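>>> A structural model of the following input is requested.
(one chain, ligands or ions: 2)
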Amino acid sequence: MTEKILVVDDDLDSLKLIGLMLQRNGYEVLVANTGAQALAKASSDHPDLIILDVMMPDMNGYEVCRRLRMNAQTKTTPIIMFTAKTLIDDKVAGFEAGADDYLTKPTHPSELTSRVKAILSRNTQRRAEASTGNLIGIVGVKGGVGTTTLTLNMAASRVLAGNNVLVADFVLGSGTMALSLGLNHTQTMSTVLNKPLSEIRPKTLEDEIVQHTSGVRGLFSSPNPRESLQLFSSESALATIRALRHLSETVFLDLGSGYSQLTHDLQSELDQLILVGEPNPIAVHLTRALLDEVNLKPAIGGTERVHVVMVSRSQSANITWADAEKTLKQPIRAIVSSGSELIAQAFQAKIPPVVMQPSAIFSTQIAKLAEDLVSQASTLSRGELVS
Ligand SMILES: Nc1ncnc2c1ncn2[C@@H]1O[C@H](COP(=O)(O)OP(=O)(O)OP(=O)(O)O)[C@@H](O)[C@H]1O
Ligand SMILES: [Mg+2]
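Residues are numbered from 1 along each chain as shown. Ligands and ions are numbered 1, 2, ... in the order given. Alright, predicted model coming up:
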């Protein structure tokens, strides 16, 4: 995409000269020769950078700069002040008004273009850092229903599709996800949650992320029972998932089972929450109860964000789909069929079942669910940004 630069100068010769120079370097150039025009164009045309003269008859550059910084549309647009003034005090005034850089006239063309390039690339990087991936939390309505298997395989199916995803296993001390992948050194979740809050940042977490040969990456828990005694604050857990979402397009979180303190603390931050149940009357009642609890918070509740997935680990279900939905008062989002044999084989090979046999029914069901949820999460978060 061609980057747009707004050049503001009351001197028409300067405007032409700078404009030509920038155009020759491949930028799209907009011009304004008064402060008022600059303000209008900056908010209507959304330039990527503004080069601003200081001495202008209607409104000086400092004032234009201050007003740009007060307008929500332009408050983060990079600004280079460009002026014949050379006193230190003028530079200080420029920075105080909110400029990002300062150039004095006359400037060599190569200096102007190199400053422009530097500022634009800094800004692109800042924007990339500010952009965040989606968080999909998975919680079992009770233990042993298949939560971890679903979490790992949804993530693995997105890896197969070429997405940059992460798993976050929050079930300290019962690291079945890492075990099923044959991973060692898997206390990385515990290590991160143990760090001082100020150190739970994307950069520091990068070093803790473990990668499996299948391409699945994430923070894992170990099978060391002592790990489950570790206390951590909700601030640490929140900082962890916020850092992780900066490092990937989607994070799949294994939140364990039941309505834990962790799920309570993290739920508002999640883009999607999946309740994993199984097709029997007791599990369906537990699912209904958990739905009631998470739906208490309007920000997270609702069928767009909270989904019920039924895992049918054995062949037979002892409740009909219709009866289950009647009790739930909400549609079942997806069903995962029994994949016992495939799961056993994949365990031997230490790879996720969906990677071992992507075309098995178990795998296609999970891949479809993961694909739909990721695209729904993206649509929802885009919607929020616009509104
Ligand atoms: N779709 C499936 N078909 C057959 N077996 C399954 C399926 N999903 C999971 N299982 C098996 O069920 C058992 C429990 O699965 P898993 O560990 O994923 O559940 P969980 O809800 O995370 O358990 P926990 O509460 O202990 O964390 C495992 O032996 C797993 O292999
Ligand atoms: Mg589990």
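>>> pLDDT of stretch 111-119, averaged?
Regarding stretch 111-119, the rounded mean pLDDT is 89.
>>> tell me who's in contact with E293.
Y259 (Cβ atoms under 8 Å, 6 or more residues apart in numbering). In this view, the C-beta of every residue, glycine as well, is placed from N, C-alpha and C.
>>> quick one: the helix or strand where it lies near ligand 1?
According to DSSP states H and E, E293 maps onto helix 281-295. No. Helix 281-295 lies apart from ligand 1 when judged by Cβ under 6 Å from any ligand atom; the minimum separation is 11.0 Å.
>>> for this protein, where's the lowest mean pLDDT among helices and strands?
Least confident element among the helices and strands of the chain, by mean pLDDT, DSSP states H and E: helix 88-96 (a mean of 74).
>>> kindly export it (C-alpha atoms) in PDB.
The C-alpha coordinates for helix 88-96 follow below in PDB (Å, rounded to 0.1, in the frame of the first residue of the first chain):
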ATOM      1  CA  ILE A  88      17.100  24.900  20.400                       C
ATOM      2  CA  ASP A  89      14.000  26.500  22.000                       C
ATOM      3  CA  ASP A  90      12.100  26.100  18.800                       C
ATOM      4  CA  LYS A  91      12.900  22.400  18.700                       C
ATOM      5  CA  VAL A  92      11.700  22.100  22.300                       C
ATOM      6  CA  ALA A  93       8.500  23.900  21.500                       C
ATOM      7  CA  GLY A  94       8.000  21.600  18.600                       C
ATOM      8  CA  PHE A  95       8.400  18.400  20.600                       C
ATOM      9  CA  GLU A  96       6.200  19.900  23.400                       C
END
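>>> what ranges do the strands span in the chain?
Using DSSP state E, the strands of the chain run over 4-8, 28-32, 49-53, 79-83, 101-104, 134-140, 165-169, 210-211, 217-219, 250-257, 272-277, 306-311, 334-336.
>>> for this structure, what lies in contact range of ligand 2?
Proximity of the chain to ligand 2, by Cβ under 5 Å from the ion, involves residues 147-148.
>>> mind doing that once more with 6 Å?
Residues of the chain lying near ligand 2 by Cβ under 6 Å from the ion: 147-148, 171, 176.
>>> among the residues you listed, which are in helices?
Among the residues of the chain next to ligand 2, the ones falling in helices (DSSP state H) are 147-148, 176.
>>> and the closest residue to L342 other than its chain neighbours, how many residues sit next to it?
Nearest residue to L342, sequence neighbours excluded (Cβ to Cβ, 6 or more residues apart in numbering): P353, at 4.8 Å. Using other Cβ atoms under 10 Å, P353 has 26 neighbouring residues.
>>> what do you get for the one 10 residues further on?
Neighbours of S363 under the rule other Cβ under 10 Å: 24.
>>> and the gap between the nearest residue to it once chain neighbours are set aside and R313?
Leaving aside its chain neighbours, S363 sits nearest to V354 (4.1 Å; criterion: Cβ to Cβ, 6+ apart). For V354, the distance to R313 equals 16 Å [Cβ to Cβ, to the nearest Å].
>>> tell me which of those two has more neighbours.
Neighbour totals were compared for V354 and R313, and V354 leads with 29 against 16 (other Cβ under 10 Å).
>>> and that one, what's its pLDDT?
So, for V354, pLDDT stands at 98.
>>> gap between it and ligand 1?
11 Å (Cβ to the nearest ligand atom, to the nearest Å).
>>> make 142 the starting number, not 1.
From this message on, residue numbering opens at 142, which makes the last subject V495.
>>> my guess is that residue contacts Q506. True?
No. Counting by Cβ atoms under 8 Å, V495 stays clear of Q506, with 9.7 Å between them.
>>> L244: which of the residues of the chain next to ligand 2 is nearest?
Distance to L244, by Cβ to Cβ, is smallest for V312 among the residues of the chain next to ligand 2, at 55.4 Å.
>>> name the nearest residue to the closest one, sequence neighbours excluded.
Distances taken as Cβ to Cβ, 6+ apart place G397 nearest to V312, at 4.4 Å, with adjacent residues excluded.
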